[in-house]
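Participant: Kindly generate the corresponding structure for this input.
(2 chains)
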Amino acid sequence: MSEAVADVPQMSRTCFFRSGIFIWSVFVALAILITVYQDLWPWAMKYPRGWVIPLKGWISDFMSWLINDLDFGVFTFKEMTRSVSWVLSWPLTFVNNLLVEGFAFSTDPGAEAVLPPLPWIAVVGLFVLAGIAIKDWGLGLLVGACILYLAIFGRWESAMVTLSAIFIAVPLGIGAGLGIGILAFKFAGVKRLIIPVLDLMQTVPVFAYLVPILFLFGFGPVAAMIATMIYATPPMVRIAILSLEQVPDDRVEYGEMAGCTPKQLLWKVQIPSARSGLMIGVNQVIMLSLNMVIIASMIGAGGLGFDVLSSLKRLAIGSGLEAGIAITLLAITLDRLSQAYSKRPPPAHLEHDTYRARRQKMIYLAATMVVVTWVASFFIPAIRTYPESWQLTTAGFWGDLVKWINVNYFDQLEAFKTVLLVNVLIPTKRFLLATPWIVVVAFVGLLGYRLGGVRLSLLAIALALFIVVTGGWKKAMITVYLCGISVLIAALIGIPIGIWSARNERVHRVVQVCVDTLQTLPSFVYLIPVVMLFRVGDFAAMIAVVVYAVAPAIRYTDHGIRQIPIHLVEASTALGCTRWQILKRVQLPIALPEIMLGINQTIMMALSMLVITALVGTRDLGQEVYIALTKADTGRGIVAGVSVAFIAIISDRLITAWVKRKRAMLGES
Amino acid sequence: MTRTCNRLFLTLLAATVAFTGVFTSAARAEVESKDPIILTLHDWTGQYVTTTIMGRVLEEMGYNIKYQQADYLAQFAGLESGDLHVAMEMWETTGKEAMEKSLATGNTMDLGETGMQAIEEWWYPIYMKEKCPGLPDWKALNECAEAFSTPDTAPSGRYLGGPVTWGGWDDERVEALEMDFEVVHAGTDAALFAELESAYQRKAPWLGWIYTPHWAPIKFEGEFVEFPPYSSECYSDASVGLNPDMAYDCGKPRGWIKKVGWKDGADKWPCAYSAIQAFTIDNQAMGTMVGEVDLNGKSLEDVVENWLNNNKDTWSAWAQCG
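Facilitator: The predicted structure follows:
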């Protein structure tokens, strides 16, 4: 098959032989031939076990060498990583003491706290003040209400544990991201090196590198924090590079003319100019760190993630949901604050004296409040910890709701599920599993060639072959089947909602809230109800993936249609088009590239959800990663994780190439 | 203005520190090391109970205790390196392989049995007896396989096994005993119990892998299926058992639940380790406590405290050093 691909350009210059129809018919014919005469080349059907490269074993061996044998003379590799986690544990312990434990001032770790943690009233007050200081009373009240929820629903202590981890992980992630971004901006070599690494960091499932992190950094909050940073930093690096590159040349030249040293140029001209872009990166780091809360709790971070997990293991759906919503509210709080901060006009443009006076007033207010409540907390226990009798819970209601649906509507759901399973899911799975690997690899290569040329084709073939030779083909095909169907359904649901939301302002507002919630609510929260209603298996997994991955399909469609220049729509109205015609002939075709980017994001999210679906019994690469985690098998986890990443990269590159072509065509017409 | 504020703040801070410092005095027994002993917590209530009891006893002895959330199998990495110190429940039925592998490194040590016995077997809710009167016998179960079927397995029955990592040889068992059942694997025990809860609410047919000590057989009324009794030959020797050509033609083994610890801890806190080795409790007491927490909604601390008050002699004996 690879010969056929190579031959294509030389074939003929006449139009027919280069047309898509001809090339694809040849491909289909060859594929059928290969499949029909499969007895002649069994190795093309099923990759022989003896040919599998034992990469897993090599990685595991390398890891144990790293941990047990690598010695730099003065200290070992493990001592080095352990000292890193020791250093990181200091700020974490400090914030944790401030918010949760209180300070003991004693070398005896069991000693009672002498100085209690910040009272809950002070923390709520500080958030309100921050909201007012950054924007206005409205933001202050919103943020205050979100934080108050944590106290009212009895999540205070867990939330503060989570918050203290975020307070340390986010600045470190931002700092590291900015630093790497600046290096990549200044040295082209670093940039070439870092971009593929970023691709991998964003697509390899977190579970895959949890085991090596545990070995190197120990069990506990610090290891969890490091995993969080690995997951949350890449967007910051990307955005840092991009926004530094986008600083207008004339501004840089002006800085040079003013006699800036390179250092001054960077810190006084380029970074301030890139500020709004960088703030988007900051926002992303915050959101992704909160996405990691659940997984971090599996390796000892505790906090809200642990509450969610342990409630759901007890099948306490309501209390799991309440803890999950607490995570969402923390995300909303930090998101709104950082967004408002990024939209604030730079301080230089404000009246300098009033600005300074206002800031001083705020700091004074905050300090007074902290000291007063702190002292008062010694005398009034209700100030120190939120009294239990004031707490609320809706947990029972949610449990009963799921029970009610389960008892009354299970049969209808079951019928719906059976129809989809028998007519769509199972046939697709059988088809993909029966297709010879060589045909799939050739298909990916040919598609790459048609969309982006020889380089893309070779990349796609190489990545697909990696999965073949490391022995994960079957599980990879199940992955493709499960994600493919989920993405299709997510698109069928998401695109119409996106269109509706783009054309109606009120719908738009409701949809925005739903999409924000879906993206920050931990998927574990709805995994258990889904299993209760749909039983263990592929179908339950598919539902969970669709719920999680539908958000970008909605968001990008909405955005794609909204950004169409208004004059185009007006022109078509003037020509007498109906609303339907405008949508079909004008808006959708123009928005298509943007919509496809949304689908691309949907695929990425579906793949990242894979490991979670392994928890409800799928047999894909996600399961492979999960098994590796429970068996602490580094090599197995990383190979499966990288295979997932490669599937993601192949589909990303193909879609991006398609979008690029489509955009070029739209530009011409 | 800010500066005065700072000074005021610091003065107050110093005052409070001094104020409370006077009243805090240490009145604890002398122990070998004040470094906290880290006990691991997993994700089932029974394990919280055993770990909290042990932790409270060690605290009474004067040790500092820290609880650390850790995965049941992934924790061995931490136990070997000394990041974690003691795991209170390692089940023969699910953790034997990982435990032996870890003991072989020489960095962990076996701290003896907990006295509880793990039972794992096929289990059905009690109302299924009406539809299949011959239960709990496995032959009767096989005859009414269809009553346990779902649309995607019919006419075969559906049996929900544990996650593949649990092992259990259920696929082999079905084949060896020529049973008309399809084995479906749950990804986690949470998913397993979610399905059970759902079926129980609807009084719908259900058959799956349940283990005890656990809250599920307390919350949901049901019975274990009776297979031909387990023997190690039945698993290893094909000729033994009902099916002359295949192994696994019998039920699952019942087994110990052991404590495991970081090896060097025995030198660091010898007295604590001897107390941990002495720890025993039976299934009955355990089941009652788990039920109190999961079904009656009592707090774990209260239940454990209650046990400590009623069994002072028992745990005082563990705490006798040497």
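
Participant: Poorly predicted segments of the stretch 1-150 of chain B, please.
Facilitator: Within the stretch 1-150 of chain B, the stretches with pLDDT under 70 are B:1-30.

Participant: can you pull out the strands in it?
Facilitator: Ranges of strands in the stretch 1-150 of chain B, per DSSP state E, counting those that start in this stretch, are B:37-41, B:65-69, B:86-91, B:108-125.

Participant: Can you name every helix or strand that the first one contacts?
Facilitator: Right, the one you point to is strand B:37-41. helix B:45-60, strand B:65-69, helix B:75-81, strand B:86-91 (3 or more Cβ pairs under 8 Å, 6 or more residues apart in numbering or on different chains; DSSP states H and E). Where you see a C-beta, it was placed from the backbone N, CA and C, and this is true even at glycine.

Participant: can we see that at 7 Å?
Facilitator: Counting contacts by 3 or more Cβ pairs under 7 Å, 6 or more residues apart in numbering or on different chains; DSSP states H and E, strand B:37-41 packs against helix B:45-60, strand B:65-69, strand B:86-91.

Participant: could I get the ones you listed as a markdown table with distance to chain A and mean neighbour count?
Facilitator: Below are the helices and strands packed on strand B:37-41 laid out as a markdown table (distance: least, Cβ to the nearest Cβ, whole Å; neighbours: other Cβ atoms under 10 Å in any protein chain shown):
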| stretch | distance to chain A | mean neighbour count |
| --- | --- | --- |
| helix B:45-60 | 7 | 22 |
| strand B:65-69 | 5 | 19 |
| strand B:86-91 | 12 | 24 |
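
Participant: Serialize those to a markdown table and add fields for distance to residue A:39.
Facilitator: Output for the helices and strands packed on strand B:37-41, formatted as a markdown table (distance: least, Cβ to Cβ, whole Å):
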| stretch | distance to residue A:39 |
| --- | --- |
| helix B:45-60 | 54 |
| strand B:65-69 | 54 |
| strand B:86-91 | 47 |
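
Participant: out of the ones you listed, nearest to residue A:452?
Facilitator: strand B:65-69 (46.3 Å; Cβ to Cβ).

Participant: CA atoms only for that closest one - export them in PDB, please.
Facilitator: In PDB, the C-alpha atoms belonging to strand B:65-69 read as follows (Å, rounded to 0.1, in the frame of the first residue of the first chain):
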ATOM      1  CA  ILE B  65      -0.100   9.500  63.300                       C
ATOM      2  CA  LYS B  66      -0.800  10.700  59.800                       C
ATOM      3  CA  TYR B  67      -3.400   9.200  57.500                       C
ATOM      4  CA  GLN B  68      -2.600   9.300  53.800                       C
ATOM      5  CA  GLN B  69      -4.900   8.500  50.900                       C
END
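
Participant: re earlier: please identify which of the helices and strands packed on strand B:37-41 is closest to residue A:535.
Facilitator: helix B:45-60 (24.6 Å).

Participant: Can I get the strands of the stretch 1-150 of chain B in a markdown table including distance to residue B:172?
Facilitator: Formatted as a markdown table, the strands of the stretch 1-150 of chain B follow (distance: least, Cβ to Cβ, whole Å):
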| stretch | distance to residue B:172 |
| --- | --- |
| strand B:37-41 | 32 |
| strand B:65-69 | 34 |
| strand B:86-91 | 20 |
| strand B:108-125 | 14 |
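
Participant: out of these, nearest to residue A:657?
Facilitator: Nearest to residue A:657, of all those, is strand B:65-69, at 44.4 Å by Cβ to Cβ.

Participant: Sheet partners, orientation included, of that closest one?
Facilitator: Strand pairing for strand B:65-69, determined by DSSP bridges: strand B:37-41 (parallel).

Participant: does the nearest residue to residue B:198 once chain neighbours are set aside count as helix, strand or coil?
Facilitator: In this structure, residue B:198 finds its nearest non-sequential neighbour in residue A:532, 3.8 Å apart by Cβ to Cβ, 6 or more residues apart in numbering or on different chains. Residue A:532 falls in the helix class when you classify it by DSSP: H, G, I helix; E, B strand; the rest coil.

Participant: what's near enough to touch residue A:532?
Facilitator: Contacts for residue A:532 (Cβ atoms under 7 Å, 6 or more residues apart in numbering or on different chains) come out as A:402, A:406, B:194, B:195, B:197, B:198.

Participant: helix or strand right after the host helix or strand of the second one?
Facilitator: This points to residue A:406. With elements taken from DSSP states H and E, the one containing residue A:406 is helix A:395-420. Using DSSP H and E, the next helix or strand after helix A:395-420 towards the C-terminus is helix A:426-434.

Participant: picking up where we left off before, please name whichever of the strands of the stretch 1-150 of chain B is nearest to residue A:580.
Facilitator: Closest among the strands of the stretch 1-150 of chain B, once you apply Cβ to Cβ, is strand B:108-125, at 54.0 Å.

Participant: What parts of the stretch 401-550 of chain A come near chain B?
Facilitator: A:403, A:406-407, A:410, A:414, A:418, A:421, A:528, A:531-533, A:535-537 (Cβ under 7 Å from any Cβ of the partner chain).

Participant: And the pLDDT for the residue nearest to residue B:198?
Facilitator: In this model, residue A:532 is scored at 88, pLDDT.

Participant: low-scoring stretches of chain A, by residue?
Facilitator: Within chain A, the stretches with pLDDT under 70 are A:1-18, A:106-112, A:345-352, A:667-669.

Participant: pull the longest helix from it.
Facilitator: helix A:634-668 (DSSP state H).

Participant: is any part of that helix close to chain B?
Facilitator: No. Counting by Cβ under 7 Å from any Cβ, chain B is not contacted by helix A:634-668; separation bottoms out at 9.9 Å.

Participant: Only the buried residues of that helix, if you could.
Facilitator: A:634-659 (16 or more other Cβ atoms under 10 Å in any protein chain shown).

Participant: Please apply the same query to stretch A:189-202.
Facilitator: Those buried within stretch A:189-202 under the rule 16+ other Cβ under 10 Å are A:190, A:191, A:194, A:198, A:199, A:201, A:202.

Participant: now what about that stretch, what contacts it?
Facilitator: Outside stretch A:189-202, the residues within contact range by Cβ under 7 Å, 6+ apart are A:180, A:183, A:184, A:230, A:234, A:237, A:238, A:241, A:645, A:649.

Participant: mind redoing it with 8 Å?
Facilitator: Outside of stretch A:189-202, the residues within contact range by Cβ atoms under 8 Å, 6 or more residues apart in numbering or on different chains are A:180, A:183-185, A:230-231, A:233-235, A:237-238, A:241, A:604, A:642, A:645, A:649.

Participant: how about that stretch as CSV, C-alpha atoms only?
Facilitator: What follows is stretch A:189-202, C-alpha atoms only, in CSV (Å, rounded to 0.1, in the frame of the first residue of the first chain):
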residue,chain,number,x,y,z
GLY,A,189,16.1,25.7,18.7
VAL,A,190,14.3,25.6,22.0
LYS,A,191,11.0,26.2,20.3
ARG,A,192,11.5,23.4,17.8
LEU,A,193,12.3,21.1,20.7
ILE,A,194,9.5,22.2,23.0
ILE,A,195,6.5,22.1,20.6
PRO,A,196,6.4,18.3,20.2
VAL,A,197,6.9,17.9,23.9
LEU,A,198,4.0,20.2,24.6
ASP,A,199,1.8,18.1,22.2
LEU,A,200,2.7,15.0,24.2
MET,A,201,2.1,16.7,27.6
GLN,A,202,-1.3,17.8,26.5
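
Participant: And it, how far out from the chain middle?
Facilitator: For stretch A:189-202, the separation from the chain centroid amounts to 17 Å (computed by Cα atoms, centre = their mean, to the nearest Å).

Participant: one step back: which of the residues of the stretch 401-550 of chain A next to chain B has the largest number of neighbours?
Facilitator: residue A:531 (30 neighbours; other Cβ atoms under 10 Å in any protein chain shown).

Participant: Was I right to think that residue contacts residue A:616?
Facilitator: Yes. Between residue A:531 and residue A:616 there is a contact under Cβ atoms under 8 Å: 5.4 Å.

Participant: Please enumerate the shared neighbours of the two.
Facilitator: A:540, B:191.
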